[in-house]
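K.L.:
Provided below for reference: sequence and predicted model.
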Number of protein chains: 4
Amino acid sequence: MRDEWFIRGKVPMTKSEVRAVSVSKLELTQDSVLYDIGAGTGSVSIEAALQIPRGQIFAVEQNREAVDLIRQNKEKFHADNVRILWGKAPEILEGLPVPSHVFLGGTGGKPEEIIAELLRRNPGVRLVANVIALESLARFLEAAKNLGLEPEVVSVQVARAEQAGEYHLMKGQNPVYIISMGGAGDRI
Amino acid sequence: MRDEWFIRGKVPMTKSEVRAVSVSKLELTQDSVLYDIGAGTGSVSIEAALQIPRGQIFAVEQNREAVDLIRQNKEKFHADNVRILWGKAPEILEGLPVPSHVFLGGTGGKPEEIIAELLRRNPGVRLVANVIALESLARFLEAAKNLGLEPEVVSVQVARAEQAGEYHLMKGQNPVYIISMGGAGDRI
Amino acid sequence: MRDEWFIRGKVPMTKSEVRAVSVSKLELTQDSVLYDIGAGTGSVSIEAALQIPRGQIFAVEQNREAVDLIRQNKEKFHADNVRILWGKAPEILEGLPVPSHVFLGGTGGKPEEIIAELLRRNPGVRLVANVIALESLARFLEAAKNLGLEPEVVSVQVARAEQAGEYHLMKGQNPVYIISMGGAGDRI
Amino acid sequence: MRDEWFIRGKVPMTKSEVRAVSVSKLELTQDSVLYDIGAGTGSVSIEAALQIPRGQIFAVEQNREAVDLIRQNKEKFHADNVRILWGKAPEILEGLPVPSHVFLGGTGGKPEEIIAELLRRNPGVRLVANVIALESLARFLEAAKNLGLEPEVVSVQVARAEQAGEYHLMKGQNPVYIISMGGAGDRI
């Protein structure tokens, strides 16, 4: 889905290409229960929701302005299977259905604690994270090691041509690390 | 979808991340009619087919060995909405339903001729191509200019961590140019 | 040499890493005669000049504001072996010593004409160009083919960590195509 | 300097473009004393040696086969200002002249210990490291933090065109993290 389709404001948004790869790495099925933790504008939630109309998506976000954007995007795309939660993980996750899949978009400081909690709920949960800070990358690797998960790490660096007269100039985007762990994918 | 899920042989295959971005750029809808021209192992056809079970996918491939692989992958993934055509575009496309979407994976020499033919059939067709040769990139840009289309060009460069003892070493993949043109996406 | 060492103004400047690779690809020797065509801020000229204090560097630039910057940078770095020429190639090159090396930093429209003229002066001249427009890349490849040169093309995509609190966030720079042709390098 | 100019064997070698950037980041001066720790084929030592013929370069390498390659390359390029040391840092560095610059090419496990020792000898030493493992990157960042240094981190991802008939196909190289710390560069 194109970035410009979403209502954005000033909240940073996962770019189209990285979002497509991230949702693909989630390996959703039609009945997945997805937590989108640090949902930002909700673009990952929406893209997932449209792919699995019978799935349940929980978009968790602390920032009030971002929560408003998710609401607007949910409405724009008629993503009725997205439920929006304003608050902080892991506390806010209490009482939700057990997740089959989790997307971690926030660069919050303590991934190990959240991942451990998610694994307690579902030892076979599929986790995908987007990371741009080198320190966060290190913490995810450390968390994976401590929790006995083997992470798949890819970095995705996209450049996009911008038109300038009759020329197309390549403009670099920021590289994103996409970390994937756990889940049932190996069983196919 | 992971690369290792597909039956591959020696036919080159679009890598997982580039495939996810490419299918995303197609902007398929549930009733799309997709031509996958130069289908290779059929991985793009299969991934698209599973996303739109009610859509029609036509996987076109000249290479006999590749056609066999597509057949095997179609069977493995129960992708009943993929029809395989052994032959050469544009001739082989005669008599097929009008395409709403086309993926051009082959680096065949003459994109302009094929794109012109596809536009004749459907002036609003959505086209996405993968290109790795600089000369092919130039020809696509030239074709787009001549045919009055504004191409979106992104290059996607993926590096993947390989485990070596307790280390994860980043290994670069080949950059791929993903060119997208036409279609209804701007109307959303 | 760091970007911030140079006096810059609003003229675009080749970034440090791409400049280092480009100067390296020139394969200068102590007595080289280098034309820097489309010299911009003069950063390539200066970096080359400091590496070969006995060489002769001719910085050619059309833009008046840029010429002033080159002058200031020449002074700052005591690069006495840089001569600045205000004007347009190939006309402005009349009467200069025969070049052993040429750097083409400008994205001017007609590389073939300039390269042909440079080859007339020295069939063994070493040429390195920086290109960011896809159309310019195509023209350089076409020029090389027509002139019987085998180009080496690399794309260099740099990301740089920016500090944000205790985090280092990777920020992508624009990818640059570095094209190298001709010269004596194969003889070593 | 081109990769194929060096005598290589099976020892991994820093690729041309990454080597050029790395040597540039060292910010050598004519009278520098450079330690090249984990020198491999010696390509960084040689490239530095030819740039500063009056400087002193100490190529430190544990691997016997690699030491032989350095010797051969030193001879081939008449790099008389390179001294080769067979052994392990930091022990082998005893008794050498105080370093002004250090290149760390090896991915040995404990950068902090070596960097601390180098800083003891020269608090203003300029350090540049090449890293390809994510865990090593994390350790360098940790070491820099503990030692009070502000690291500059860039990742360099190069793709190189390979000729295939009349086409040039872009082939990705492995991304390398280049970490630079300390030194006198800020004073210019």
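P.N.:
Great, that's in hand.
K.L.:
can you pull the contacts of residue A:46?
P.N.:
Contact analysis of residue A:46 by CB atoms under 8 Å, 6 or more residues apart in numbering or on different chains lists A:1, A:6, A:73, A:74, A:77, A:79, A:82. In this view, the C-beta of every residue, glycine as well, is placed from N, C-alpha and C.
K.L.:
pretty sure residue A:127 is touching residue A:102, no?
P.N.:
Yes: Residue A:127 is in contact with residue A:102 according to CB atoms under 8 Å; the separation is 5.1 Å.
K.L.:
intersection of neighbour lists for the two?
P.N.:
Counting by CB under 8 Å, 6+ apart, the shared contacts of residue A:127 and residue A:102 are residue A:118.
K.L.:
who's in contact with residue A:141?
P.N.:
Taking CB under 8 Å, 6+ apart, one finds A:151, A:153, B:168, D:134, D:135, D:138 in contact with residue A:141.
K.L.:
which SS state does it fall under?
P.N.:
helix (DSSP: H, G, I helix; E, B strand; the rest coil).
K.L.:
okay, strands next: where are they in chain A?
P.N.:
For chain A, the strands defined by DSSP state E occupy A:33-37, A:56-61, A:82-86, A:101-104, A:126-131, A:152-164, A:167-172, A:176-182.
K.L.:
sorry, back to before: which one of the contacts of residue A:141 is nearest chain C?
P.N.:
For the contacts of residue A:141, the closest approach to chain C (CB to the nearest CB) belongs to residue D:138, at 10.9 Å.
K.L.:
that closest one - nearest residue in space that isn't next to it in sequence?
P.N.:
Residue nearest to residue D:138 in three dimensions, not counting chain neighbours: residue A:138, with 3.6 Å by CB to CB, 6 or more residues apart in numbering or on different chains.
K.L.:
tell me how many other residues crowd the one you found.
P.N.:
Residues near residue A:138, counting by other CB atoms under 10 Å in any protein chain shown, number 18.
K.L.:
and residue A:81, by the same measure?
P.N.:
18.
K.L.:
how close does it get to residue B:132?
P.N.:
38 Å (CB to CB, to the nearest Å).
K.L.:
rounded mean pLDDT for stretch A:162-174, please.
P.N.:
Computed over stretch A:162-174, the mean pLDDT rounds to 93.
K.L.:
rewinding a little: residues in contact with the residue nearest to residue D:138?
P.N.:
Contacts of residue A:138 (CB under 8 Å, 6+ apart): D:134, D:135, D:137, D:138, D:141, D:142.
K.L.:
where's the residue of chain A most remote from its centre relative to chain B, distance?
P.N.:
Distance from the centre of chain A peaks at residue A:166, with 36.7 Å (CA atoms, centre = their mean). As for residue A:166, its distance to chain B is 8 Å (criterion: CB to the nearest CB, to the nearest Å).
K.L.:
and for residue A:88?
P.N.:
30 Å.
K.L.:
which residues touch the residue lying closest to residue A:170 once chain neighbours are set aside?
P.N.:
Excluding the flanking residues, the one nearest residue A:170 by CB to CB, 6+ apart is residue A:159, at 4.5 Å. Neighbouring residues of residue A:159 by CB under 8 Å, 6+ apart: A:170, A:171, A:172, A:173, B:154, B:155, B:157, C:157, C:172, C:174, C:175.
K.L.:
okay, those in TSV with distance to residue B:11 and neighbour count next?
P.N.:
Formatted as TSV, those follow (distance: CB to CB, whole Å; neighbours: other CB atoms under 10 Å in any protein chain shown):
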residue	distance to residue B:11	neighbour count
A:170	30	23
A:171	33	16
A:172	32	20
A:173	31	19
B:154	25	21
B:155	23	23
B:157	23	27
C:157	28	27
C:172	32	20
C:174	34	17
C:175	29	22
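K.L.:
looking at chain A, what residue ends up closest to chain D?
P.N.:
Counting by CB to the nearest CB, chain A gets nearest chain D through residue A:138, at 3.6 Å.
K.L.:
what is the neighbour count of the nearest residue to residue A:142 once chain neighbours are set aside?
P.N.:
Nearest residue to residue A:142 in three dimensions, chain neighbours excluded: residue A:112, at 7.1 Å (CB to CB, 6+ apart). For residue A:112, the neighbour count with other CB under 10 Å is 16.
K.L.:
likewise residue A:12?
P.N.:
For residue A:12, the count of nearby residues is 12 (other CB under 10 Å).
K.L.:
could you do residue A:2 as well?
P.N.:
Close neighbours of residue A:2, defined as other CB under 10 Å, add up to 14.
K.L.:
wait, isn't it in contact with residue A:16?
P.N.:
Yes: contact criterion CB under 8 Å: residue A:2 and residue A:16 qualify, at 5.9 Å.
K.L.:
and the end-to-end length of stretch A:165-177?
P.N.:
Its first and final residues considered, stretch A:165-177 spans 33 Å by CA to CA, to the nearest Å.
K.L.:
can you name the residues bridging to residue A:160?
P.N.:
residue A:171, residue B:154 (DSSP bridges).
K.L.:
same question but for residue A:101, I mixed them up
P.N.:
Taking DSSP bridges as the rule, residue A:101 bridges to residue A:34, residue A:126.
K.L.:
what sits against it?
P.N.:
For residue A:101, the contact set (CB under 8 Å, 6+ apart) comprises A:26, A:27, A:28, A:32, A:33, A:34, A:35, A:125, A:126, A:127, A:128, A:183.
K.L.:
return the residues of chain A in contact with chain D.
P.N.:
A:134, A:135, A:137, A:138, A:141, A:142, A:153, A:155, A:157, A:175 (CB under 8 Å from any CB of the partner chain).
K.L.:
can I get the strands of chain A in a markdown table including distance to residue B:93?
P.N.:
Converted to a markdown table, the strands of chain A look like this (distance: least, CB to CB, whole Å):
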| stretch | distance to residue B:93 |
| --- | --- |
| strand A:33-37 | 38 |
| strand A:56-61 | 38 |
| strand A:82-86 | 39 |
| strand A:101-104 | 38 |
| strand A:126-131 | 37 |
| strand A:152-164 | 29 |
| strand A:167-172 | 29 |
| strand A:176-182 | 36 |
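K.L.:
circling back to that earlier point, burial of the closest residue to the residue farthest from the centre of chain A other than its chain neighbours, as a residue count?
P.N.:
Nearest residue to residue A:166, sequence neighbours excluded (CB to CB, 6+ apart): residue C:135, at 6.7 Å. Look at residue C:135: counted by other CB under 10 Å, it has 20 neighbours.
K.L.:
do residue A:145 as well
P.N.:
14.
K.L.:
that one and residue C:105: what is the separation?
P.N.:
46 Å.
K.L.:
buried sites along stretch A:67-76?
P.N.:
A:67, A:68, A:69, A:70, A:71, A:72, A:73, A:74 (16 or more other CB atoms under 10 Å in any protein chain shown).
K.L.:
identify the residues contacting it?
P.N.:
Contact with stretch A:67-76 is made by A:6-9, A:11, A:39-43, A:45-46, A:59, A:61, A:79-80, A:82, A:84, A:86, as judged by CB under 8 Å, 6+ apart.
K.L.:
pLDDT of that stretch, averaged?
P.N.:
On average, stretch A:67-76 scores 96.
K.L.:
got it, and stretch A:147-156?
P.N.:
Taken as a whole, stretch A:147-156 has a mean pLDDT of 95.
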